[in-house]
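Peer 1: sequence and predicted structure, then a few things I'm wondering about:
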Amino acid sequence: MYITPKSIPAPKSPKIDFTPSNSLDGGVDWAGKEWKISANKTSNALNVWFKEGEIGKRFGQLFLNETEIVESPIFASFKSLYKGNLIKHCGTKIYKQDSAGVVTAIYSGLTAIKGSFFKFNSNLYYIQAGHFIVYDGATAIPVVPYTPLVIINRTPTGDGSLNEQGNRIGAGLINSFNGTGANVAYTLTDTNLDATAIVGSYDSGVTWDKIEGTHLTVNRATGVVSWTSAPPSGTNNIRVKFYKTDQEAIDSILKCIYAVPFGGQNDNRMFVGGNGTGYYYWTGISSVGINATYWPYNNYNIIGNSDEDIKGFGKFYDVLTIHKISGEIFGETYTWDGTKGIFNSFQINEQYGCDCPGTMQSINNQLVWLTTRYGACILVGTTVGGQRNAFPISRNINPRLMKESNLTSASSVTFDGKYWLCVNDKVYLWDYTITPYVDTFNPDKSAELLSWWYFDNINAYSWITDAQDLFYINRTTGLTVKFQSLFYDFGAGIHSIYRIPMRDFGASIYLFDVLKAYVDVRGDTRTAFKVTYFTSDNTRGIVEDEEIIVGSFSLDNFSLDNFTLDVMEVKYTFPLAPNEKNIELFGIEFSNDSEGRDMNISNIVISYLIKKPKR
């Protein structure tokens, strides 16, 4: 209902009021109306974050080696340094890169498709369709699959006790027989054998010195070995090593593009999935112990529908989460019954599963990922049947995030207490140190509380971390980029924006005058910004005539272009004079694209005078 001006009480004697000194830690909120968003949030921010209690520019960037030469594009990298080197697959080669940026190809002949690096038993492995490579820090070579002893106590004519399962990634098999001293023909467990020459042993496999064509012959169709003379008698003394390739089984493992170590309380198995089906597989424990080269035939399961692909794994406490392209999330647990390990699966959620596999991260013992349907989500519980324990968390950034193309190609990393989500050449960053996720029992409110920030000019296919250093591999060129503390992106300035949204200062039924604004800036950092005022009468903005520049001499960031002998105190307050009269809304935006200069804002206070009622 319209209220006439006569019904609005006139304000008391005019007095100058000040906006409260609010924290600037809230991040962007593009979901709410500008004049309604929380006092600590902004409606426009670019390449700044809230760090050490202040607004400032994000890290700058430089190429680790500007003359680096690698094939392109990039297909994978290991998530951290391995024995002091970055490891990445570009084109058809695996490269290592040292701290000085020197690049060396350590393996060639790969297929130019995506694969997955994983570390297991101190070695680094790379798995992709047609290839399984192991790197020990010195040499990268194809994996030699473990050869299982599939049966023991076998008689020359058959039977025996099953011992180990066949290995999906290998063709080799061993049969162990009890020699009779009389039999010449020994029947193997398999028929239709490979052409690879078989070998035998009379001393339980200590020496494999019995050669096909000299000491034995074999009928490959029937799998019968005929010795030139009867082997000696004994218990499990006669062994035969032979080969039978099962290409479908090999491909079931090598075509998987997601890998994760898991074993309940410890990570003693490797799990893989994502070969286009709902099947996933895990390594076995061989006669030599935990082994990434042994994938027993029966170590597999089907999660959900078999024809719906797995899109990634995550770990939540002692549960492995398995995400399906259908949107379902399943959990896997591991227990030891005293004899064997038992894996059990269950459904966690049927709606919010991850279909953007490069975005999954563990944050404060909670699992975070991106979906193309709901944006970023979080898992806060794994109780069987608990369908309400996964929630969307990107409410503040979804109006822009969900318009991005190529969401399924997004990448992510956790570093410096922040979740970095890179889509195309943009980063959406959740500072979970400032605002950890808290379940308020209102999912929208819980998401609104989070501090999200927005960066551009970061084109990360994959990320690599090491202690205090953060790297990424450029999505287009395959070159390695390192973040730095100086305010340059590849030698150029970083364009930055921070906006105090337009406000009515709680006087929505009155007009007001803005008299002054006071901006606190650190005096010990080189900073600069231009100021633009926005009002209800001028939403395009009015630029302040004089740019604010704070200079501080330091050898760490010395530049002749910006040299000054001025040395500021710890804090300097700049007065601004907007002098905007009879307005309904007022906001300020700060921007900076200066090379080598921060855009520090420690605090902002605005003085205003309430005037007459609106007409």
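Peer 2: Looks like it came in fine.

Peer 1: and stretch 95-107, which residues are buried?
Peer 2: By neighbour count, with 16 or more other CB atoms under 10 Å as the criterion, the buried positions of stretch 95-107 are 95-97, 101, 103, 105-107. To be clear about C-beta, it is placed using only N, CA and C from the backbone, and glycine gets the same treatment.

Peer 1: endpoints of it, how far apart?
Peer 2: As for stretch 95-107, its first-to-last residue distance stands at 7 Å under the measure CA to CA, to the nearest Å.

Peer 1: cool, stretch 133-146 as well?
Peer 2: Terminal residues of stretch 133-146 lie 14 Å apart, using CA to CA.

Peer 1: in its sheet, what does whichever strand or helix holds residue 367 sit against?
Peer 2: Using DSSP states H and E, the element containing residue 367 is strand 366-371. With DSSP bridges as the test, strand 366-371 is paired with strand 361-363 (antiparallel), strand 375-379 (antiparallel).

Peer 1: highest average neighbour count across those strands?
Peer 2: strand 375-379 (a mean of 24; mean count of other CB atoms under 10 Å).

Peer 1: ok, and what's touching it?
Peer 2: Residues lying outside strand 375-379 but in contact with it, judged by CB atoms under 8 Å, 6 or more residues apart in numbering, are 314, 316, 321, 329, 348-349, 352, 354, 359, 363, 366-371, 389-395, 397-398, 401-402, 421, 428, 430, 437.

Peer 1: any idea of the mean pLDDT for that strand?
Peer 2: In this model, strand 375-379 has an average pLDDT of 96.

Peer 1: counting contacts, what elements does the biggest helix by length in the chain pack onto?
Peer 2: Secondary structure of the chain per DSSP state H: the longest helix is helix 247-254. In this structure, helix 247-254 makes packing contacts with strand 123-128, strand 131-135, strand 279-282, judged by 3 or more CB pairs under 8 Å, 6 or more residues apart in numbering; DSSP states H and E.

Peer 1: and the next helix or strand past the second one?
Peer 2: Scanning forward in sequence from strand 131-135, with DSSP H and E defining helices and strands, the next element found is strand 140-142.

Peer 1: and for the shortest one?
Peer 2: Of the helices and strands lying after strand 279-282 in sequence (DSSP H and E), the nearest is strand 285-286.

Peer 1: strand partners of that following strand, parallel vs antiparallel please.
Peer 2: Strand 285-286 sits in its sheet next to strand 289-290 (antiparallel), going by DSSP bridges.

Peer 1: run the chain-centre distance for the partner strand.
Peer 2: Averaged C-alpha coordinates place strand 289-290 at 28 Å from its chain's average position (CA atoms, centre = their mean, to the nearest Å).

Peer 1: average pLDDT across it?
Peer 2: pLDDT averaged over strand 289-290 gives 88.

Peer 1: which residues sit against that strand?
Peer 2: Contacts for strand 289-290 (CB under 8 Å, 6+ apart): 120-121, 268-269, 283.

Peer 1: and what of stretch 23-43?
Peer 2: Defining contact as CB under 8 Å, 6+ apart, one finds that stretch 23-43 is touched by 20, 22, 44-45, 50, 54-55, 395-400, 431, 434-435, 448, 450-454, 498-504, 585, 587, 601, 603-604.

Peer 1: buried stuff in that stretch?
Peer 2: Taking 16+ other CB under 10 Å as the basis for neighbour counts, the residues of stretch 23-43 that come out buried are 24-32, 34-35, 37, 40-43.

Peer 1: now the helices and strands packed on helix 247-254 in TSV, with distance to residue 377 and mean neighbour count?
Peer 2: As requested, the helices and strands packed on helix 247-254 are exported to TSV (distance: least, CB to CB, whole Å; neighbours: other CB atoms under 10 Å):
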stretch	distance to residue 377	mean neighbour count
strand 123-128	27	21
strand 131-135	33	21
strand 279-282	21	22
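
Peer 1: quick one on the thing from earlier: which two among the buried residues of stretch 23-43 are spaced furthest apart?
Peer 2: Greatest spatial distance among those (CB to CB): 25 and 35, at 19.8 Å.

Peer 1: can you map out the strands along the stretch 251-400 of the chain?
Peer 2: Counting by DSSP state E, counting those that start in this stretch, one finds strands in the stretch 251-400 of the chain at the ranges 258-262, 269-273, 279-282, 285-286, 289-290, 300-302, 310-316, 319-324, 329-336, 341-349, 361-363, 366-371, 375-379, 390-392.

Peer 1: ok, now the stretch 451-600 of the chain?
Peer 2: Listed in chain order (using DSSP E, counting those that start in this stretch), the strands of the stretch 451-600 of the chain are 452-456, 460-466, 469-474, 480-484, 496-503, 510-522, 527-535, 542-543, 548-550, 571-576, 580-583, 586-592.

Peer 1: quick check: domain ranges of this protein?
Peer 2: Residue ranges for the domains of the chain, per automatic domain parsing: 5-23+503-613, 149-243.

Peer 1: contacting residues around the strand holding residue 367?
Peer 2: Contacts made with strand 366-371 from outside it, assessed by CB under 8 Å, 6+ apart, are listed as 312, 314-316, 321, 323, 327, 352-356, 359-362, 376-380, 393-394, 407, 410, 412, 419, 421, 430, 437.

Peer 1: coming back round to it: weed out the non-buried ones from the contacts of strand 375-379.
Peer 2: The neighbour-count test (16+ other CB under 10 Å) applied to the contacts of strand 375-379 identifies 314, 316, 321, 329, 348-349, 352, 354, 359, 363, 366-371, 389-395, 397-398, 401, 421, 428, 430, 437 as buried.

Peer 1: that older thread, tabulate the strands paired with strand 366-371 (CSV), appending distance to residue 114.
Peer 2: Rendered in CSV, the data for the strands paired with strand 366-371 read as follows (distance: least, CB to CB, whole Å):
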stretch, distance to residue 114
strand 361-363, 19
strand 375-379, 23
